[in-house]
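Undergrad: Sequence and computational prediction follow.
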Amino acid sequence: MGNQFKFIHCADLHLDTPFKNVAFDDKALSARMVKSSFDVLDRIMEKAISENVDFIIFSGDIFDADSGTPGSRFKFAEALRKSGKRCYVAYGNHDYRRQWEDSIPFPENVIVFPDTATNVPFPSEENKLTDVIGISHSMKEEPRDLTKDIRGSNTFSIAVVHCDVDSVSEGRRYAPCRLDDLLNRNIDYWALGHIHKRITLNEYPHVIYPGNTQGRSPKETGEKGAYIVTVTDNRISEMKFFRTGPILWQEVEADITGKQNVTDLVSEIARVVEKGSMIRLRIMGSGELDGFVRLQKQAFIKVVEEWTSSKVESLQLSCVPNINIEERKKTGDFSSVMIIESERIMAMSRKDMIDTICSSNASKKIRNVFEGMTDAELKEIVNDARMALLEKLTEGVR
């Protein structure tokens, strides 16, 4: 075997992230969520030691802009010092520079790239196995293409950048660049950060987003982690993903069709839920259980949480009762009037629908919440109200 080395590529740790989009009524869970970003750091360091990697790459957003504290910087610096590994750090749009940073210096094994493209070969210029070229953001809303001055060499070359590649842009374009340009810079491995999804944009040369290391909201589902990359004779011979995020965000669907009791439904949910997860639950299908999950939402949520030892972050009901809506409309009773009125509201313009929903004093006070919803979400509110009323009106009749 010729020359070989291994490194870890991770990004978007967002240490001390506040999980501000998640509402907590459980202090223990809240503390566990906040601690999770530091658990991630411990797992990365443990993996670096157990796998005997040569160095670690952090591709930006190590800290969280809104909550970065001296404590989080100290913990990060100490973890890197204890690892004893060479660490390459490129700052991203969340890594604001603060006046107190110089009071908590990084250890000698840490290289922080400046805001100009800089090559720090490993292990040294005289005896190098690879060129590691990186650049940091100079400001939050970085307008520059940070990749434009990066060029590889005849040695295996790695580029470390926190950037927004055109093919996967998520809207707010910080440090924008083009994939076509990255493929022609003589770089063998682009170690990118910023996009929170795990994406391989190209192989040979590799253009890699490892995703963030811990899901921070219901939008960031699935396993989160980092890569161990092995290079043999100047070519990537192995890439292994390893999980770092201790808390899994899961989107779970369950069908009430044909189920006679809540135990059957919750058992189906429990089979696919990892203990300790955050769940966005959607109930589908049609049947008698619609009445229970719709009219006893909180009781149903509590049962699910107890059976799965997890937290139901949200519950969406796309199920229907055993009621023929079209037939019910023809009865001329109160339920038919309610069905017709709900259909009229759902056919309204967006403004008129919000005006109708916010016609009570209580709903007026939270009008901004409804204005922030999509048209589909507004219609879902109306439909949920319709189904709940139908269930109540026809309870014991069917």
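TA: Thanks, I have the structure now. Residues are numbered from 1 along each chain as shown.
Undergrad: what sits against Asn202?
TA: Asn202 makes contact with 179, 182-183 under the criterion Cβ atoms under 8 Å, 6 or more residues apart in numbering. For every residue, glycine as well, the C-beta is placed using N, CA and C.
Undergrad: And those residues, which of them are buried?
TA: By neighbour count, with 16 or more other Cβ atoms under 10 Å, those hold Leu182 as buried.
Undergrad: show me the contacts for Asn234.
TA: Applying Cβ under 8 Å, 6+ apart to Asn234 gives the contacts 3, 155-156, 188.
Undergrad: all helices of this structure, in order?
TA: Ranges of helices in the chain, per DSSP state H, are 27-50, 70-83, 179-182, 262-272, 289-295, 297-308, 325-329, 334-346, 350-357, 361-364, 367-371, 375-393.
Undergrad: on that earlier part again, from the contacts of Asn202, pick the one nearest Ser309.
TA: Relative to Ser309, the closest of the contacts of Asn202 is Leu179; by Cβ to Cβ it sits at 42.3 Å.
Undergrad: So that closest one versus Ile236, what's the distance?
TA: Counting by Cβ to Cβ, to the nearest Å, the gap from Leu179 to Ile236 is 18 Å.
Undergrad: again with Leu389
TA: Leu389 is 60 Å from Ile236, by Cβ to Cβ.
Undergrad: Please give me every residue in contact with Glu313.
TA: Residues in contact with Glu313, defined by Cβ under 8 Å, 6+ apart, are 22, 218, 249, 278-280.
Undergrad: burial count for the residue lying closest to it once chain neighbours are set aside?
TA: Among residues not flanking Glu313 along the chain, Met278 sits closest, at 4.9 Å (Cβ to Cβ, 6 or more residues apart in numbering). By other Cβ atoms under 10 Å, the residues close to Met278 number 22.
Undergrad: from memory Met278 sits against Ser310, does it?
TA: Yes: using Cβ atoms under 8 Å, Met278 is in contact with Ser310, at 7.0 Å.
Undergrad: got a list of contacts for the lowest-mean-pLDDT helix or strand in the chain?
TA: Least confident element among the helices and strands of the chain, by mean pLDDT, DSSP states H and E: helix 325-329 (a mean of 77). Helix 325-329 is contacted by residues 335-336, 339-340, 390, 394 when judged by Cβ under 8 Å, 6+ apart.
Undergrad: got it, and stretch 350-368?
TA: Under the contact criterion Cβ under 8 Å, 6+ apart, stretch 350-368 has outside partners 345-346, 348, 370-371, 375, 378-379, 381-382.
Undergrad: Repeat the analysis, applying 10 Å as the threshold.
TA: With contacts defined as Cβ atoms under 10 Å, 6 or more residues apart in numbering, stretch 350-368 is touched by 341, 344-349, 369-371, 373-375, 378-379, 381-382, 385.
Undergrad: What of stretch 373-384?
TA: Here stretch 373-384 makes contact (Cβ under 10 Å, 6+ apart) with 294, 297, 316-318, 320, 341-350, 353-354, 356-357, 370-371.
Undergrad: Quick one: buried ones out of those?
TA: Among those, those classed as buried by 16+ other Cβ under 10 Å are 294, 317, 320, 342, 345-346, 348, 353-354, 357, 370.
Undergrad: pretty sure Trp249 contacts Gly215?
TA: Yes: contact criterion Cβ atoms under 10 Å: Trp249 and Gly215 qualify, at 4.2 Å.
Undergrad: Check the contact lists of those two and give me the overlap.
TA: Each of 221-224, 277-278 lies in contact with both Trp249 and Gly215 under the rule Cβ under 10 Å, 6+ apart.
Undergrad: Take the residues you listed and lay them out in CSV including pLDDT and distance to Ser124.
TA: Output for the shared contacts of Trp249 and Gly215, formatted as CSV (pLDDT from 0 to 100; distance: Cβ to Cβ, whole Å):
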residue, pLDDT, distance to Ser124
Thr221, 94, 42
Gly222, 95, 39
Glu223, 97, 36
Lys224, 98, 34
Ser277, 95, 45
Met278, 94, 45
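Undergrad: For Asp12, state which of those is nearest.
TA: Nearest to Asp12, judged by Cβ to Cβ, of these is Lys224 at 9.1 Å.
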